[in-house]
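In: Structure of the sequence below:
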Amino acid sequence: MSPRVEEVSDGVYAYIQPDGSWWINNTGFMAGRRGVISVDACSTERRTRAYRDAIAKISDRPITTLVNTHHHGDHTFGNHLFPEATIVAHERTREQIIADGVPTYLGAWSPDVEWGTLDPVPPFLTYTDGVTLYSDDLRCEVRHVGFAAHTTNDSYVWIPSRKVLFSGDLVFNGGTPFVLMGSVAGALSALDQLEELGAETIVPGHGDVCGPSAISTVRGYLRFVQETAEAGMAAGLSPLELARQTDLGEYGTLTDSERVVGNLHRAYADATGGEVDLAAAVLDMITFNGGRPLTCHA
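Out: Residues are numbered from 1 along each chain as shown. A predicted model of the protein is given here:
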């Protein structure tokens with residue numbers, strides 16, 4: 001399925017990329033009289049160029065600002081294709097993009113992904129708590145959640161007068177939430193924070209535009225991970241062993257179900273105060289996937 005633009009409020013657009021699985025993220029933009037504010041880039045050169053073409057069909061104004069909701073490459077690899085924009089993000093987003101460069105773990109996914117040119121460009125305007133942007137007179141509040149959640153550096157974009165929320169990867173709709181590089185407990189707290197905003201329309205990091213009920217689904221999954229991890233640790237099982245004998249139940253229909261392994265690695269670390277071995281967690285996801293590279297259609 002092809003990406004599509006949805007106008008979710010006057011002058012506010014979601015750019016939805018089906019099917020929202022690994023590396024196929026959503027972005028969005030606010031089209032004002034003087035310029036365009038973009039929320040995130042895409043994972044590949046081809047997809048980011050297509051996103052820019054979609055913006056150009058809506059507005060002939062320059063893209064003045066690019067907000068990164070967090071450091072992951074599906075939201076930032078295309079930064080270099082916005083040379084005219086001020087790139088804005090949390091200070092840890094900048095730090096992580098610089099530290100990661102082109103991540104070595106890209107080999108975990110299908111080898112035929114056409115990444116294009118990968119030139120990691122970090123944000124050069126950063127904040128600690130948040131920043132407020134205006135699209136003409138439309139107030140757009142960019143806020144860091146304040147703790148590790150999906151990653152260590154998650155922000156969301158809240159448009160209070162329209163009750164529209166760009167959640168970044170704090171919310172997945174139809175896909176398995178992923179907190180390997182963040183915190184299960186923190187992600188749950190972040191959902192509480194988002195829910196308090198009272199959003200009526202949510203543009204999730206992956207999946208179709210949705211309402212606040214999507215928050216409940218993500219919360220239910222993360223609680224399921226916590227409870228499963230508690231039982232697995234008590235039984236002396238490794239995250240991979242536990243995942244192999246876990247019935248995902250209602251969450252089994254979510255895309256990228258192998259993420260449960262990475263999430264259990266994180267839940268174990270949360271419970272013990274230890275660190276996650278990212279390489280081992282990714283390898284365990286591949287093992288859970290039958291030893292095959294993880295599926296990516298980007």
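In: rest of the way, CA atoms for contacts and neighbours
Out: OK.
In: Check the residue nearest to residue 183 when sequence neighbours are not counted and give its pLDDT.
Out: Distances taken as CA to CA, 6 or more residues apart in numbering place residue 149 nearest to residue 183, at 4.8 Å, with adjacent residues excluded. According to the prediction, residue 149 has pLDDT 98.
In: Residue 149 looks like it's in a helix, true?
Out: No - applying DSSP: H, G, I helix; E, B strand; the rest coil, one finds residue 149 to be coil, outside a helix.
In: List the contacts of it.
Out: 170, 179, 182, 183, 184, 185, 186, 187, 188, 189, 190 (CA atoms under 8 Å, 6 or more residues apart in numbering).
In: which phi and psi does it have?
Out: phi -140, psi -100 (degrees, to the nearest 10).
In: same check, this time on residue 90
Out: Residue torsions, per degrees, to the nearest 10, at residue 90 are phi -60, psi 150.
In: what do you get for residue 29?
Out: Torsion angles, degrees, to the nearest 10, at residue 29: phi -160, psi 160.
In: Leaving out the residues flanking it, which one is nearest to it?
Out: Residue 29 sits nearest to residue 38 (CA to CA, 6+ apart), 4.3 Å away.
In: dump the residue contacts of that neighbour.
Out: 27, 28, 29, 30, 63, 65, 66, 67.
In: does it sit in a helix, a strand or a coil?
Out: Strictly by three-state DSSP, residue 38 counts as strand.
In: Mind pulling up the pLDDT for it?
Out: Looking at residue 38, the pLDDT reads 98.
In: before we move on, what about residue 1?
Out: 82.
In: For it, which non-adjacent residue is closest in space?
Out: Going by CA to CA, 6+ apart, residue 1 has residue 18 as its nearest residue, at 6.0 Å.
In: still on that earlier bit, kindly provide the distance from the residue nearest to residue 183 to residue 178.
Out: 9 Å (CA to CA, to the nearest Å).
In: Then residue 85?
Out: From residue 85 over to residue 178 (counting by CA to CA), the distance is 29 Å.
In: more crowded one of these two?
Out: Neighbour comparison, residue 85 and residue 178: the larger count goes to residue 178, with 28 against 18 (by other CA atoms under 10 Å).
In: Just confirm the more buried one is within a strand.
Out: No - read with three-state DSSP, residue 178 is coil and lies in no strand.
In: what bridges to the residue nearest to residue 29?
Out: residue 29, residue 66 (DSSP bridges).
In: thinking again about what came up before, show me the contacts for the residue nearest to residue 1.
Out: 1, 2, 3, 24, 207, 208.
In: give me that answer again for 10 Å
Out: 1, 2, 3, 4, 24, 25, 26, 206, 207, 208, 297, 298 (CA atoms under 10 Å, 6 or more residues apart in numbering).
In: Format the residues you listed as CSV; extra columns: distance to residue 158, secondary structure and neighbour count.
Out: Formatted as CSV, the contacts of residue 18 follow (distance: CA to CA, whole Å; DSSP: H, G, I helix; E, B strand; the rest coil; neighbours: other CA atoms under 10 Å):
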residue, distance to residue 158, secondary structure, neighbour count
1, 28, coil, 6
2, 27, coil, 7
3, 23, coil, 16
4, 21, strand, 14
24, 22, coil, 24
25, 18, coil, 28
26, 16, coil, 30
206, 17, strand, 29
207, 18, coil, 21
208, 18, coil, 21
297, 29, coil, 15
298, 27, coil, 23
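In: Please give me every residue in contact with residue 239.
Out: Applying CA under 10 Å, 6+ apart, the residues contacting residue 239 are 228-229, 232-233, 260-268, 281, 284-285.
In: picking up where we left off before, could you pull up phi and psi at the residue nearest to residue 1?
Out: phi -70, psi 150.
In: Can you name every helix or strand that the longest helix anywhere in the chain contacts?
Out: What stands out as the longest helix in the chain, according to DSSP state H, is helix 213-234. Contacts defined by 3 or more CA pairs under 10 Å, 6 or more residues apart in numbering; DSSP states H and E place helix 213-234 against strand 164-172, helix 184-197, strand 201-206, helix 239-244, helix 259-272.
In: again, only using 7 Å
Out: strand 164-172, helix 184-197, helix 259-272 (3 or more CA pairs under 7 Å, 6 or more residues apart in numbering; DSSP states H and E).
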